[in-house]
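Participant: pasted the sequence and its predicted model underneath.
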Amino acid sequence: MPETFPRLFSPLRIRGHTLRNRIVFGAHTANMAVEGLPTERHVAYYAERAIGGAAMVVVEPMPVHASAVLTRGNFRHSDDSVVPHFMTVVSAIKGNGAVAIQQLYHVGAHGDSDNSFHPHWSPSGLPSYHDSDGSHPMTEAEILETIDGFVQAARRCREAGFDGVEVWAAYLGMVDQFWTPWSNRREDRWGGSLENRTRMSREILARIREICGPDFIIGIAVSDEPDVKAALQRDELAQIVKLHDELGLIDYVTCGSGGYLDFYKLMPTFIYPEKLGADLAACLKKVVKKAVVVAESHIRTPENAETVLGEGASDLVSIVRGQIADPHLARKAREGRPQDIRGCISCNQMCWGRRSRDYWISCLINPSAGREFEWNGDRFTKATHPKRVLVIGGGPAGLEAARVAAERGHRVVLSEAGTRLGGNFLLAGLQPRRAQILDLLGWYERQLEALGVDVRLNTFVEADDIDPSRVDVVIVATGSYSAETGFQKALPTIEVMPGFDKGCIFTVEAVMAKQARPGKNVLLLDEAGGWRGCGTAWKLAEDGHHVTIVTPDPFVGKELQRTAADVPMRQALKKLGVQWSTETSIVEWHGNGATVLDHNTGKRSFMEADALVTATTNHPMDWLMPGLLELGVTVRQIGDCAAPRQAPYAFFEGRKAGLEI
């Protein structure tokens with residue numbers, strides 16, 4: 001047992017199964033199914049986390065009824081044809097030492113008509129908080145049909161070889177809607193008293209046990225929404241879970257955070273404190289006598305997990321995004337190498353951000369996530385013929401390309417013009433609450449040193465500096481820059497903002513690099529709607545500036561909506577006194593303020609300010625390419641110098657370049 005994490009790596013018995021440690025890879029919608037069936041993408045995705053040491057893997061939720069379909073990539077419901085396909089997934093998980101569970105779910109009122117083409121069902125016909133539709137109050141026959149949907153789904157799981165199922169009773173989904181007085185206003189045997197409100201869940205769990213047998217693990221998932229009065233509070237949840245535990249209906253309970261009424265804590269970003277699921281877990285741990293308690297939600301690291309276990313708050317910990325970012329988290333921690341774990345940065349950009357757009361999920365910092373079947377997971381095959389590789393630029397694309405090339409045995413030199421690695425990503429890490437980015441850059445520094453990469457800081461490279469006889473491959477990852485023209489996409493015919501030459505205009509990069517000293521009152525022009533502008537506004541406000549955001553978008557942080565970060569971000573900005581003007585652009589800068597255009601009315605007005613900070617679309621730093629192409633060596637252009645985009649695509653192209661050498 002590792003001395004660093006003694007509790008985390010102690011085994012645990014549950015319903016006759018031995019978990020090799022206390023780490024769970026919890027359920028989440030990976031959205032990878034094709035025609036409703038798991039594919040090789042699923043198989044490799046879950047296998048990699050089992051290979052990486054997770055003790056229990058909970059496969060993404062299976063809708064149990066036509067009314068429960070929520071995404072394009074959902075599995076087929078009510079169809080035995082899924083069984084042989086799931087056998088392959090189960091074999092990959094169990095064959096690599098982990099216990100295999102599948103989650104079963106029904107969203108109740110919160111359906112998605114675009115995907116289900118079915119009326120939403122719920123206890124009392126309340127509105128959906130997922131789309132803009134209403135729901136249908138269920139008849140007795142429909143309740144029984146739904147219960148049977150759960151039971152038959154569990155039967156298919158048993159036939160596919162799963163060790164158990166987890167019934168989803170979280171986030172104010174169907175089961176939770178029956179439990180909650182606010183959403184269950186029935187006056188029949190399914191509503192009113194605690195006994196009636198829990199009748200559905202008790203029937204589901206008892207019948208699953210009956211049909212699946214005594215060695216089958218049955219869990220439930222619940223969630224914590226203490227800031228929402230309509231939701232069940234912790235003492236009410238404790239009473240319900242205690243009842244199910246006393247009746248011997250559950251083997252474990254997973255404790256998450258947030259839900260449809262508190263959506264932003266459902267997959268909390270870096271804005272929120274860590275270990276959010278631990279408080280509910282500790283509350284339930286006090287009342288259950290038989291069931292195992294699993295703490296979930298923003299438990300990113302082995303250190304977090306060991307703390308939660310050490311405090312007695314739970315018996316197991318579910319680390320989801322942490323194992324998406326580094327599928328070998330458990331193995332590295334067990335081997336006493338926590339410093340080698342690539343830490344999740346809690347950004348939600350490619351996990352929840354892609355899922356929210358109905359794509360299969362991936363990871364900003366681990367582009368192999370979802371591509372394990374193509375890229376051999378998060379492991380690397382040594383190159384047959386090692387080459388001499390020069391990487392120019394130490395931002396995300398260059399760092400990942402250098403790391404992967406070195407992992408594969410190539411001799412790598414990384415040249416960075418600045419004094420530190422990271423490029424513009426480093427500046428992002430200097431924004432409030434984003435220090436996890438700095439931790440990631442520290443991880444890269446350690447990995448490159450261990451791999452023997454020759455890192456040269458303060459080294460600006462021109463094509464003439466490169467000796468073609470000493471280099472086989474040049475990877476250009478020089479990034480992008482903010483053009484000092486004030487061009488706005490919303491005003492496409494104006495190439496240069498009138499008044500731009502009057503000064504006191506700075507880019508967000510200059511502000512974050514402390515190369516600019518804006519005055520007290522700052523206008524921040526944000527055409528991107530992401531963290532470049534919003535995070536800089538937050539930093540300026542924290543430093544005492546009066547900030548007004550001007551954006552052509554209908555709301556501030558438009559691109560952050562997909563990551564469930566926009567609302568808490570705006571709340572944080574409001575607390576700091578930040579103001580904003582939406583659906584507005586700047587038509588002229590006067591040196592002491594700006595003339596702004598309201599796109600709805602066409603009216604112009606003057607906004608006073610000491611400085612203007614711009615967060616507009618960047619331009620590629622691609623001027624090295626013509627000279628490099630004349631050298632006669634292989635040249636790859638990756639990341640923002642190919643086209644300025646968000647960070648995930650820089651990491652992706654870095655990984656791809658390193659694999660293809």
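Facilitator: On my side now, so go ahead. Note that this is a predicted model, so its numbers are computed, not measured.
Participant: center of this protein - which residue?
Facilitator: Nearest to the mean C-alpha position of the chain, counting by C-alpha atoms, centre = their mean, stands N348 at 2.9 Å.
Participant: ok, now how distant is it from D378?
Facilitator: N348 is 20 Å from D378, where distance means C-beta to C-beta, to the nearest Å. All C-beta atoms are positioned from the backbone trio N, CA, C, and that covers glycine.
Participant: biggest helix in this protein by residues?
Facilitator: For the chain, the helix that runs over the most residues, judged by DSSP state H, is helix 140-160.
Participant: give me the contacts around it.
Facilitator: Here helix 140-160 makes contact (C-beta atoms under 8 Å, 6 or more residues apart in numbering) with 62, 64-65, 67-68, 77-78, 80, 82-84, 86-87, 89-90, 102, 104, 106, 121, 138, 164-165, 167, 174, 188, 190, 200, 203-204, 207-208, 211-213, 216.
Participant: and for stretch 278-295?
Facilitator: Residues outside stretch 278-295 that contact it (C-beta under 8 Å, 6+ apart) are 12, 14, 24, 26, 219, 222-224, 226, 234-235, 237-239, 241-242, 244-246, 248, 250-257, 275, 277, 299, 308, 311-318.
Participant: tell me the mean pLDDT over that stretch?
Facilitator: Stretch 278-295 shows a mean pLDDT of 97.
Participant: repeat for stretch 122-129
Facilitator: 96.
Participant: ok, now stretch 482-495?
Facilitator: 94.
Participant: buried ones in that stretch?
Facilitator: Neighbour-count burial for stretch 482-495 flags S482, G486, F487, Q488, A490, L491, I494 (criterion: 16 or more other C-beta atoms under 10 Å).
Participant: so what would you say the end-to-end distance of it is?
Facilitator: 14 Å (C-alpha to C-alpha, to the nearest Å).
Participant: ok, E35 - contacts?
Facilitator: Neighbours of E35 in contact, by C-beta under 8 Å, 6+ apart: R76.
Participant: hey, where'd the strands end up in the stretch 501-650 of the chain?
Facilitator: Assigned by DSSP state E, counting those that start in this stretch, the strands in the stretch 501-650 of the chain fall at 505-507, 521-526, 546-550, 579-581, 584-589, 593-598, 604-608, 611-615, 619-620, 634-637.
Participant: paired strands for the second one, with orientation please.
Facilitator: The partner list of strand 521-526 in its sheet, established with DSSP bridges, is strand 546-550 (parallel), strand 611-615 (parallel).
Participant: centre of the chain to stretch 359-371, how far?
Facilitator: Centroid separation for stretch 359-371 versus its chain: 10 Å, with C-alpha atoms, centre = their mean, to the nearest Å.
Participant: same deal with stretch 422-442?
Facilitator: The mean C-alpha position of stretch 422-442 is separated from the chain mean by 17 Å, C-alpha atoms, centre = their mean.
Participant: what are the buried residues along it?
Facilitator: Quick answer for stretch 422-442 (16+ other C-beta under 10 Å): 422-432, 434, 436-438, 440-441.
Participant: also stretch 346-361?
Facilitator: 346-356, 359-361.
Participant: one step back: now the contacts of helix 140-160: which count as buried?
Facilitator: Buried by 16+ other C-beta under 10 Å: 62, 64-65, 67-68, 77-78, 82, 86, 89-90, 102, 104, 106, 121, 138, 164-165, 167, 174, 190, 200, 203-204, 207-208, 212, 216, out of the contacts of helix 140-160.
Participant: most distant residue from the middle of this structure?
Facilitator: Going by C-alpha atoms, centre = their mean, the residue of the chain most distant from its centre is S469, 43.8 Å out.
Participant: state the distance from that residue to T384.
Facilitator: For S469, the distance to T384 - C-beta to C-beta - is 22 Å.
Participant: repeat that for F25.
Facilitator: Distance from F25 to T384, counting by C-beta to C-beta: 34 Å.
Participant: looking at these two, which is more packed in?
Facilitator: Legend: neighbour count by other C-beta atoms under 10 Å for F25 and T384, higher for F25 (30 against 7).
Participant: in the sheet, who's paired with that one?
Facilitator: Applying DSSP bridges, one finds that F25 bridges with V57.
Participant: give the contact list for it.
Facilitator: F25 neighbours (C-beta under 8 Å, 6+ apart): Y46, R49, A54, M56, V57, V58, A98, S318, I319, V320, Q323.
Participant: so, low pLDDT: which residues of the stretch 501-650 of the chain?
Facilitator: Judged against pLDDT under 70, the stretch 501-650 of the chain has no low-scoring part.
Participant: the same query, at a cut-off of 90, please.
Facilitator: Across the stretch 501-650 of the chain, the ranges flagged by pLDDT under 90 are 632.
Participant: and the helices in it?
Facilitator: Per DSSP state H, counting those that start in this stretch, the stretch 501-650 of the chain carries helices over the ranges 508-512, 531-542, 566-575, 625-629, 647-660.
Participant: distance between the ends of stretch 449-464?
Facilitator: Its first and final residues considered, stretch 449-464 spans 27 Å by C-alpha to C-alpha.
Participant: avg pLDDT for that stretch?
Facilitator: For stretch 449-464, the per-residue pLDDT averages 97.
Participant: equivalent analysis for stretch 249-265, please.
Facilitator: 95.
Participant: for that stretch, measure first residue to last.
Facilitator: Counting by C-alpha to C-alpha, the terminal residues of stretch 249-265 are separated by 28 Å.
Participant: what's the offset of that stretch from the middle of its chain?
Facilitator: With C-alpha atoms, centre = their mean, you get 17 Å for stretch 249-265.
Participant: swap in stretch 238-248?
Facilitator: That offset, for stretch 238-248, works out to 32 Å (C-alpha atoms, centre = their mean).
Participant: and for it, what's in contact with it?
Facilitator: 179, 194, 198, 201-202, 205-206, 220, 222, 232, 250, 253, 283-284, 286-291.
Participant: which PyMOL command selects the buried ones in these?
Facilitator: The PyMOL command for the buried members of the contacts of stretch 238-248 (criterion: 16+ other C-beta under 10 Å) is given here:
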select buried, resi 179+198+201+205+206+220+222+232+250+253+283+284+287+288+291
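Participant: so where is the stretch 351-500 of the chain shaky, pLDDT-wise?
Facilitator: If you take pLDDT under 90 as the line, the stretch 351-500 of the chain has these spans: 355-357, 378, 483-484.
Participant: still on that earlier bit, can you redo the helices of the stretch 501-650 of the chain as TSV with mean neighbour count and distance to I549?
Facilitator: TSV is the format used below for the helices of the stretch 501-650 of the chain (neighbours: other C-beta atoms under 10 Å; distance: least, C-beta to C-beta, whole Å):
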stretch	mean neighbour count	distance to I549
helix 508-512	24	12
helix 531-542	24	6
helix 566-575	16	8
helix 625-629	15	35
helix 647-660	23	21
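Participant: show me what contacts G639?
Facilitator: Taking C-beta under 8 Å, 6+ apart, one finds G393, G395, P396, A397, G398, A477, G479, Y649, A650, E653, G654 in contact with G639.
Participant: tabulate those residues (JSON lines), appending distance to I661.
Facilitator: Formatted as JSON lines, these follow (distance: C-beta to C-beta, whole Å):
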{"residue": "G393", "distance to I661": "16"}
{"residue": "G395", "distance to I661": "19"}
{"residue": "P396", "distance to I661": "18"}
{"residue": "A397", "distance to I661": "14"}
{"residue": "G398", "distance to I661": "14"}
{"residue": "A477", "distance to I661": "14"}
{"residue": "G479", "distance to I661": "21"}
{"residue": "Y649", "distance to I661": "19"}
{"residue": "A650", "distance to I661": "17"}
{"residue": "E653", "distance to I661": "13"}
{"residue": "G654", "distance to I661": "12"}
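Participant: out of these, what pair is the most spread apart?
Facilitator: Farthest pair in those (C-beta to C-beta) is G393 and Y649. Separation: 14.7 Å.
Participant: was I right to think L261 contacts P127?
Facilitator: No. Look at L261 against P127 with C-beta atoms under 8 Å: they stay out of range, at 11.5 Å.
Participant: give me the more crowded residue out of these two.
Facilitator: Comparing L261 with P127 by neighbour count (other C-beta under 10 Å), the higher total belongs to L261, at 17 against 14.
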